[in-house]
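1. Need the 3D shape of this:
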Amino acid sequence: VEQFRPPVYVSRVCKEKVTEPCNGERWTDSDGNLGVTLELCAGIIDKKLSPEEIAVEEVFEECGYKIEVSGLERIVSCLSSVGSSGETQTLYFAEVTDEMKVSSGGGLASEGELINVKEVSLGDMKTYMASPFLNTNTELLFAVNWFMMNKLHHYQIKL
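-> Coordinates of the predicted model:
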C-alpha cells in the first residue's frame with residue numbers, strides 16, 4: 001500500500017533543503033510525494049483479537065481482500081523501531097486472488113487512514129528495489145526478499 005507519512009515528509013523535505021530542524025519551511029512549496037511510502041498493509045494490536053485475526057481485518061480494511069485466518073502463513077516475528085519503542089511485529093504471507101477482492105480498501109476514514117492500494121508486479125518490484133533510495137521501510141524489503149527466496153519458484157515466474 002501507499003500511505004502519506006508526515007514524519008517521513010518532514011524528514012525528506014529538511015534533508016533536501018539541508019536545514020535542521022526545518023524552521024520556517026513553507027510546506028506548500030514542497031513536493032507532498034516525498035512523504036508517500038510504499039509499505040506492507042499493517043495494523044496495531046489494539047483489540048481483544050489474535051494477531052492473525054487482526055491481520056485478516058487489516059487486509060480487508062486496507063486492501064479490500066476477504067481472506068481467512070487459515071490462509072495466513074506466519075513468516076517471522078521480530079523487533080521493529082528498536083531505537084524508539086522496541087515493539088515486536090509479526091509478518092504474514094497470504095495469497096490473494098481477484099475473486100477475493102470484495103472492496104476497494106483504502107483504510108478506515110474513521111481512523112484517519114488514507115491509503116492507496118498499490119499492486120506491483122514482481123518485475124517492477126525488482127526495479128524499485130534496485131533504486132538508490134527507497135521511500136519504504138525494512139519490513140517491505142524483508143518481505144519481498146522472503147517471497148523471492150521462499151515462494152517465487154511456486155509461481156513459475158521468470159524475472
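
2. Could you measure from the closest residue to Leu38 other than its chain neighbours over to Met149?
-> The shortest distance from Leu38 to any non-neighbouring residue, by C-beta to C-beta, 6 or more residues apart in numbering, is to Thr136 (4.6 Å). The C-beta positions use only the backbone N, C-alpha and C, and glycine is treated the same way. Using C-beta to C-beta, to the nearest Å, Thr136 is found at 19 Å from Met149.

3. quick one: which of the two has more around it?
-> Thr136 (18 against 9; other C-beta atoms under 10 Å).

4. I figured that one hits Glu39, correct?
-> Yes - taking contacts as C-beta atoms under 8 Å, Thr136 lies within contact range of Glu39: 6.5 Å.

5. which residue is nearest the centroid of this protein?
-> By C-alpha atoms, centre = their mean, the chain has its centre lying nearest to Glu39, at 1.8 Å.

6. in this structure, which spans are strands?
-> Using DSSP state E, the strands found in the chain span residues 2-4, 36-38, 73-79, 88-93, 115-116.

7. Looking at those strands, which is nearest to Asp124?
-> Closest approach to Asp124 among those (C-beta to C-beta): strand 36-38, 10.9 Å.
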